[in-house]
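1. Sharing a model prediction with you, sequence too.
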Amino acid sequence: MTDINKPVTTVLQQNDEHWMHYALALADKAEQAGEIPVGAVLVKDNQVVGEGWNMSICQHDPSAHAEMLAIRQAANQIKNYRLLDTTLYVTLEPCAMCAGLLVHSRVKRLVFGALDAKTGAAGSVTDLVRHPALNHQLEVTSGVLAQLCADKLSSFFRRRRQEQKAAKALVQAERQEKQR
Ligand SMILES: [Zn+2]
């Protein structure tokens with residue numbers, strides 16, 4: 001007899017969660033470098049073909065988003081600018097730049113965690129990955145480990161605000177010390 005109270009998880013769901021955990025571990029690398037914690041991994045036949053994490057600040061490169069770096073690495077490795085039959089897992093909904101890149105590179109499927117209400121281009125602000133007028137549409141699954149992905153970002157921003165506040169207080173204290 002099947003337990004109707006037990007949530008049914010499919011093999012696809014389990015696989016999606018496995019790779020999202022992988023992407024979350026890449027997001028940790030970004031965080032360790034002081035970058036906004038976003039991680040992305042490109043998978044083909046259940047194998048990693050490219051991975052990346054946000055590096056915009058340390059590389060002085062506004063295009064160094066996790067998805068961009070994962071796709072560049074994969075294309076370089078596969079030696080093809082078309083990344084057919086691949087799935088991109090990313091912890092945060094892609095921006096317009098990265099969504100455009102996914103269309104150009106013909107990635108088959110996009111799986112993401114947290115929604116990005118401010119810059120998300122896979123349904124939140126706009127939807128470039130499923131735009132009917134474009135020449136390629138991706139299959140999209142959103143909300144995989146969404147809470148974990150969102151918590152990682154919000155705790156990063158909370159900590160950064162506290163650090164900025166502490167730095168400001170320190171500067172003010174030094175200034176008062178000099179005036180005395
Ligand atoms: Zn992006």
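-> Perfect, thanks for sending it. As the structure is a computational prediction, the values presented were derived from the model and not from experiment.

2. Please make it C-alpha for all contacts and neighbour counts, starting now.
-> Will do.

3. Helix or strand with the lowest mean pLDDT in this protein?
-> Every helix and strand of the chain was ranked by mean pLDDT, DSSP states H and E. The lowest is helix 146-179, at a mean of 93.

4. Buried ones in it, by neighbour count?
-> Buried positions in helix 146-179, judged by neighbour count with 16 or more other CA atoms under 10 Å: 146, 149, 150, 152, 153, 156.

5. what's that helix packed up against?
-> strand 87-92, strand 109-114 (3 or more CA pairs under 8 Å, 6 or more residues apart in numbering; DSSP states H and E).

6. rerun at 10 Å
-> The contact analysis (3 or more CA pairs under 10 Å, 6 or more residues apart in numbering; DSSP states H and E) places helix 146-179 against helix 11-32, strand 87-92, strand 109-114.

7. Please produce CSV containing the ones you listed, extended by mean neighbour count, distance to residue 124 and mean pLDDT.
-> Below are the helices and strands packed on helix 146-179 laid out as CSV (neighbours: other CA atoms under 10 Å; distance: least, CA to CA, whole Å; pLDDT from 0 to 100):
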stretch, mean neighbour count, distance to residue 124, mean pLDDT
helix 11-32, 18, 20, 95
strand 87-92, 30, 11, 98
strand 109-114, 23, 11, 98
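
8. how about these, which one is nearest residue 142?
-> strand 109-114 (5.0 Å; CA to CA).

9. quick check: angle from that closest one to strand 87-92?
-> For strand 109-114 against strand 87-92, the angle by axes from the mean of the first three to the mean of the last three CA atoms, to 10 degrees is 20 degrees.

10. Fine by me, we can end here.
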